[in-house]
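Colleague: When you get a sec, could you give me coordinates for this:
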Amino acid sequence: MPPNTPPRPLSTEQDLRTVVVDHIQGRCLDLLARAEERRRQAFARGQWQEYGQVIRDHVSQAFGDMPFGHRGAPLKVRPVSTFDLGYCRLENVLFDSFPGWEVNASVFVPAGDGPFPAVVIPVGHSGKQFDNYQIPARAFARLGYLAVLFDPPGQASEKKPGNDHFVDGVRTFLTGHSSNRYFILDALRCIDYLETRPDADLSNGVGMTGVSGGGHTTLFSTLFDDRITCQGPSCCINRMADHPVGDMYAPCPEGKWSGRLAAGVDELDLLLAGIPTPALYMAGQRDEVFQIEWSRLLASEAAAAFDQAGAGERFRFFEDESGHAYTLAQVRRFAAWMNRWIRREPERPVPDLDPADYPMLPYEQLQCHPAPEENIYTLNRAIARQQAAARPADRSGAQVRAAVAEVVGEPAPVVEWAASEPFQVWSQTSREVLARVEGLPVPATWLEPTAEYLKADRPVILLIDDQGRRAALESGAPSARLTRMLERDPEAVYPTLVVPDLPGWGDTTPALVPYAMASWGSMDRLTAYHSCAMGDGILALRTRAAAALARYLVDEWGAAGRLVLVGRGLGGAVALMAAALTDRPLGGAASWSGLASFESLAESAEYTWPAAAFLPDALAHFDLPDLVRGLSVPVAVLDPLDAARQSLPRREAEAILSPLPDAVHLAPGCSDEEALDELRQLIETT
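Modeller: Numbering: from 1, shown residues only. From the prediction side, this is the model:
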């Protein structure tokens with residue numbers, strides 16, 4: 001290679017475009033394999049009850065307070081409308097689930113004298129007006145079951161404002177409360193509602209059944225409520241190692257709460273933790289998402305586990321000829337299942353059902369118009385405010401570090417550091433670097449003053465940009481100008497600048513996977529949701545990598561007291577958290593056009609930050625203003641941004657960050673040039 005050849009990226013055996021997805025998928029699969037082994041050992045030893053209780057306890061903790069049954073407030077039932085359908089009567093009613101949050105129930109009451117056995121039908125990721133939901137409910141009523149049909153939050157339902165499970169469900173990552181609680185409590189309160197009806201016979205409990213998301217609601221509800229004595233999930237479960245982890249499906253956040261996989265909660269675990277509740281699992285041969293081979297495998301494992309628990313007669317698998325749907329054939333199968341376990345009449349015949357008898361009802365006949373004021377957004381916001389009030393107002397640097405470590409974890413050491421030969425760029429030398437942290441390659445650009453401008457006490461900047469090092473440095477970008485590479489001033493301070501591409505940013509931005517092409521999918525959501533489920537949010541992973549690099553620069557390069565961590569965009573949050581974690585003498589930290597607070601993501605009705613910004617469990621332990629005030633080094637907060645990524649006015653910025661110590665410099669709304677001046681002042685005083 002000719003002399004003074006520009007450095008090229010250092011090679012790695014791993015494809016940088018896949019390292020993050022491979023890392024997350026690999027860790028998730030490992031956790032699922034461990035869960036499978038624990039499950040098999042528990043059933044082999046006859047410890048299925050203890051195993052089931054561990055699963056139930058974890059789910060209960062993840063969901064938070066679930067006030068239903070004797071713990072629930074008295075229902076405020078509000079009749080809406082009634083329609084006579086001949087073979088049944090349709091009653092639309094509203095009643096509270098959480099305070100101010102209404103369930104929009106369509107109740108199909110069989111013709112004739114009651115009381116009638118009852119079945120609850122949660123709607124999946126859809127609306128009750130569609131055939132997968134209203135037709136089964138009406139068919140159950142024709143077969144003599146009082147059927148309660150209700151919408152989920154968001155989706156195509158009546159309960160849309162503040163309930164988008166992608167936009168609003170991910171907010172609950174911050175508070176550590178699964179958004180699934182808002183799906184499940186509605187189902188449990190439907191049982192509370194049935195208890196108020198004299199025409200409902202609950203002497204042998206109730207049945208619950210649903211397709212897709214409605215099947216998941218059924219599984220979770222059964223874990224909470226022993227009034228459910230018969231469950232029928234449809235087209236909704238398989239080994240997570242197959243889907244959504246194995247096929248890297250863009251999942252929904254409500255099923256990916258913090259630490260689910262670390263706790264060993266696979267989909268099969270949800271079913272088996274419901275033992276001894278009788279369960280009929282139904283699957284469609286042409287289901288394109290929950291593929292039939294996967295469902296057959298899960299059903300085989302479930303049947304074996306039920307047998308080991310002495311409850312073999314309480315599990316059955318029905319393989320429908322359908323696709324991803326709830327058909328009349330499934331209605332007949334589940335009605336027969338309920339006849340056995342609820343009516344206690346296993347030989348009771350189930351007549352054929354003719355699709356022609358169930359023309360679609362107009363949506364207007366099913367609408368209840370629930371109040372929109374309370375929703376996932378507002379209820380989670382209330383939790384975020386409670387957590388903010390509970391956090392200590394003043395914390396020492398050690399306490400701040402402990403809070404961050406509780407959420408983010410401890411950084412591992414840099415185990416590899418390779419650098420190219422230097423290449424002179426005016427007053428600088430440029431190198432390509434490849435570090436390795438936690439098995440992940442971290443490429444970086446290393447800019448250092450030439451010998452003429454190199455001083456032993458020069459500051460060292462670790463600059464983290466969520467757009468990657470190319471965006472940070474190319475075409476004389478502001479970060480590049482920190483080096484003063486085009487200047488020739490022997491009196492100026494020329495810092496060393498290290499700009500890494502942290503996992504998932506810059507050169508390590510994940511390549512597209514097929515399911516991310518769906519309208520609800522994205523690589524950001526995919527990596528954020530799966531990493532949350534494994535108990536290690538991707539922002540935590542990036543923070544530990546940054547802290548590891550900072551420690552390396554201090555320990556191996558002798559940058560103690562001279563190292564300044566600067567983060568731009570979401571890198572600002574990473575820089576502040578890494579500064580708390582580094583546990584080495586630093587020169588300072590700065591957030592530049594960064595998120596002002598995690599709580600703002602819970603407070604604001606709209607936001608534009610990516611899913612990765614919703615650091616799981618953060619608000620129960622700390623917020624970014626706590627770090628700004630608690631770090632034991634000078635801190636600069638330059639152009640802090642709100643939830644919509646807009647510059648905060650000074651008054652609002654001060655309200656969020658105050659009271660500010662003398663060592664903190666706040667510059668709201670500053671331009672890039674002004675930010676550079678502020679950074680140079682911070683850097684030159686280290």
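
Colleague: do you know how far the residue nearest to R286 when sequence neighbours are not counted is from G284?
Modeller: Excluding the flanking residues, the one nearest R286 by C-beta to C-beta, 6 or more residues apart in numbering is G323, at 4.0 Å. Every C-beta, even on glycine, is put in place using the N, C-alpha and C of the backbone. Counting by C-beta to C-beta, to the nearest Å, the gap from G323 to G284 is 5 Å.

Colleague: show me the contacts for the residue nearest to E474 when sequence neighbours are not counted.
Modeller: In space, E474 comes closest to A480 once its chain neighbours are excluded; the distance is 7.6 Å by C-beta to C-beta, 6+ apart. A480 is in contact with 472-474, counting by C-beta atoms under 8 Å, 6 or more residues apart in numbering.

Colleague: Show me what the host helix or strand of A528 is packed against.
Modeller: Per DSSP states H and E: A528 is located in helix 523-533. Helix 523-533 sits against helix 19-44, helix 538-557, with contacts defined as 3 or more C-beta pairs under 8 Å, 6 or more residues apart in numbering; DSSP states H and E.

Colleague: which other residues reach it?
Modeller: Counting by C-beta under 8 Å, 6+ apart, 20-21, 24-25, 28, 166, 170, 173, 244-245, 248, 250-253, 255-261, 504, 509-510, 512-513, 515-516, 537-538, 540-541, 610-612, 614, 616 sit against helix 523-533.

Colleague: and if we set it to 6 Å?
Modeller: Residues outside helix 523-533 that contact it (C-beta atoms under 6 Å, 6 or more residues apart in numbering) are 24, 28, 173, 250-251, 253, 256, 258, 260-261, 510, 516, 537-538, 610-612, 616.

Colleague: ok, back up a step: show me what contacts the residue nearest to R286?
Modeller: 284, 286-287.

Colleague: Repeat that for T582.
Modeller: With C-beta under 6 Å, 6+ apart, T582 has these contacts: 547, 550-551.

Colleague: Now do the strands for the stretch 51-200 of the chain: every range, in order, please.
Modeller: 78-84, 88-96, 102-110, 118-122, 146-150 (DSSP state E, counting those that start in this stretch).

Colleague: Just the C-alphas of stretch 608-625, formatted as PDB.
Modeller: In PDB, the C-alpha atoms belonging to stretch 608-625 read as follows (Å, rounded to 0.1, in the frame of the first residue of the first chain):
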ATOM      1  CA  THR A 608     -40.900  11.800  17.400                       C
ATOM      2  CA  TRP A 609     -38.100   9.900  19.200                       C
ATOM      3  CA  PRO A 610     -37.500   6.300  18.200                       C
ATOM      4  CA  ALA A 611     -38.700   3.300  20.200                       C
ATOM      5  CA  ALA A 612     -35.100   2.800  21.400                       C
ATOM      6  CA  ALA A 613     -35.500   6.000  23.400                       C
ATOM      7  CA  PHE A 614     -38.000   4.300  25.800                       C
ATOM      8  CA  LEU A 615     -35.400   2.800  28.100                       C
ATOM      9  CA  PRO A 616     -37.100   0.000  30.000                       C
ATOM     10  CA  ASP A 617     -37.700   0.600  33.700                       C
ATOM     11  CA  ALA A 618     -35.900   3.900  33.700                       C
ATOM     12  CA  LEU A 619     -38.400   6.100  35.400                       C
ATOM     13  CA  ALA A 620     -38.700   3.900  38.500                       C
ATOM     14  CA  HIS A 621     -35.100   4.700  39.200                       C
ATOM     15  CA  PHE A 622     -33.900   7.900  37.500                       C
ATOM     16  CA  ASP A 623     -34.500  10.500  34.800                       C
ATOM     17  CA  LEU A 624     -32.000  12.400  32.800                       C
ATOM     18  CA  PRO A 625     -32.300  15.600  34.800                       C
END
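
Colleague: Any idea how far that stretch is from the middle of the chain?
Modeller: Counting by C-alpha atoms, centre = their mean, to the nearest Å, stretch 608-625 is centred 11 Å from the centre of its parent chain.

Colleague: what do you get for stretch 415-431?
Modeller: Centroid separation between stretch 415-431 and its chain, computed with C-alpha atoms, centre = their mean, is 39 Å.

Colleague: Now do the same for it: mean pLDDT, whole number.
Modeller: Here stretch 415-431 scores 96 as its mean pLDDT.

Colleague: Can you list the neighbours in contact with it?
Modeller: 6-7, 10, 432-436, 446-448, 450, 453, 483, 485-486.

Colleague: Stretch 156-163 now?
Modeller: 104, 126-127, 151, 153-154, 168, 370, 372, 375-377.

Colleague: from these, which would you call buried?
Modeller: 104, 126-127, 151, 153-154, 168, 370, 375-377 (16 or more other C-beta atoms under 10 Å).

Colleague: biggest separation within these, which pair?
Modeller: Farthest pair in the buried ones among the contacts of stretch 156-163 (C-beta to C-beta) is S126 and Y377. Separation: 20.7 Å.

Colleague: picking up where we left off before, now name the helix or strand holding the residue nearest to R286.
Modeller: G323 belongs to no helix or strand, assigned by DSSP H and E.

Colleague: What's the end-to-end length of stretch 505-519?
Modeller: One end of stretch 505-519 sits 22 Å from the other (C-alpha to C-alpha, to the nearest Å).

Colleague: So for it, mean pLDDT?
Modeller: Rounded mean pLDDT across stretch 505-519 is 96.

Colleague: Show residues contacting it.
Modeller: Applying C-beta under 6 Å, 6+ apart, the external contacts of stretch 505-519 come out as 16-17, 19-21, 248-250, 443, 466, 468-469, 501, 521-523, 526.

Colleague: if we can go back for a sec, with pLDDT as added columns, please give the buried ones among the contacts of stretch 156-163 in JSON lines.
Modeller: Formatted as JSON lines, the buried ones among the contacts of stretch 156-163 follow (pLDDT from 0 to 100):
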{"residue": "N104", "pLDDT": "98"}
{"residue": "S126", "pLDDT": "95"}
{"residue": "G127", "pLDDT": "97"}
{"residue": "D151", "pLDDT": "97"}
{"residue": "P153", "pLDDT": "96"}
{"residue": "G154", "pLDDT": "94"}
{"residue": "D168", "pLDDT": "97"}
{"residue": "P370", "pLDDT": "97"}
{"residue": "N375", "pLDDT": "97"}
{"residue": "I376", "pLDDT": "97"}
{"residue": "Y377", "pLDDT": "98"}
